[in-house]
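*Asks:* What follows is a protein structure lacking sequence information:
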């Protein structure tokens, strides 16, 4: 099992290394950092980092190539994303689909993790396979993911309902090590959309969740009324 304990003096956290594939199957490495209401994602290939601080209502978006960053209120950003999504689908109300999670009974060892296959069905259609593990301590991850799953809940309940429902129904089975997506290939079979390569519990310095020293803060323009 690729779960490591690293001693330290900072706050407890979890670091996840995963590979995410786009519709063409092109892989990219993504690093996730979780710690007591703090969440960071790194995309090394593009040089971009996003930090969400749910305790202080703070969102930072960092461009390492230009050594710049933007910092705004997380709640403000959520409302703006919800507003834009509503505009994009204006007049088209998404139909609610019945979400069912099935447990076929198949198990496998993936990247050192003991996993069990869970199928996600929406409206009678198989949309995902999630290979879940209980090998990892989920407390730090769950605190953050629960908050992420609630995102947009006040401004965008219906459109986000399906994703939250899938998360809640999979949650008792652990953490997804491999997600196979059936919706991206139009019936031609599943593709490995997300694969966890490594997960480690470690102490995280507070600087992990702050913009790097020496980077320039960019003040975004206020949205026009």
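*Replies:* Okay, I see it. Please read all numbers here as calculations on a predicted model, not as lab measurements.

*Asks:* Enumerate the beta-bridge partners assigned to the residue lying closest to residue 100 once chain neighbours are set aside.
*Replies:* Residue nearest to residue 100 in three dimensions, not counting chain neighbours: residue 121, with 4.5 Å by CB to CB, 6 or more residues apart in numbering. To be clear about C-beta, it is placed using only N, CA and C from the backbone, and glycine gets the same treatment. Listed by DSSP bridges, the beta-bridge partners for residue 121 are residue 100, residue 126.

*Asks:* ok, residue 121 touching residue 130?
*Replies:* No. Checked against CB atoms under 8 Å, the pair residue 121 and residue 130 is beyond contact range at 11.8 Å.

*Asks:* Just want to know which of these two has more residues nearby.
*Replies:* Each of residue 121 and residue 130 had its neighbours counted (other CB atoms under 10 Å), and the higher figure belongs to residue 130 (22 against 16).

*Asks:* who does the helix or strand containing residue 50 pair up with?
*Replies:* Assignment of secondary structure by DSSP states H and E places residue 50 within strand 48-53. In the sheet, strand 48-53 lines up against strand 38-43 (antiparallel), strand 58-63 (antiparallel) (DSSP bridges).

*Asks:* Identify each buried residue in the first one, please.
*Replies:* Under the neighbour-count criterion of 16 or more other CB atoms under 10 Å, strand 38-43 has 38-40, 42 buried.

*Asks:* Let me see the mean pLDDT of that strand.
*Replies:* For strand 38-43, the mean per-residue pLDDT is 95.

*Asks:* Next, the contact list for residue 38, please.
*Replies:* Residue 38 makes contact with 13, 51-55, 144, 209 under the criterion CB atoms under 8 Å, 6 or more residues apart in numbering.
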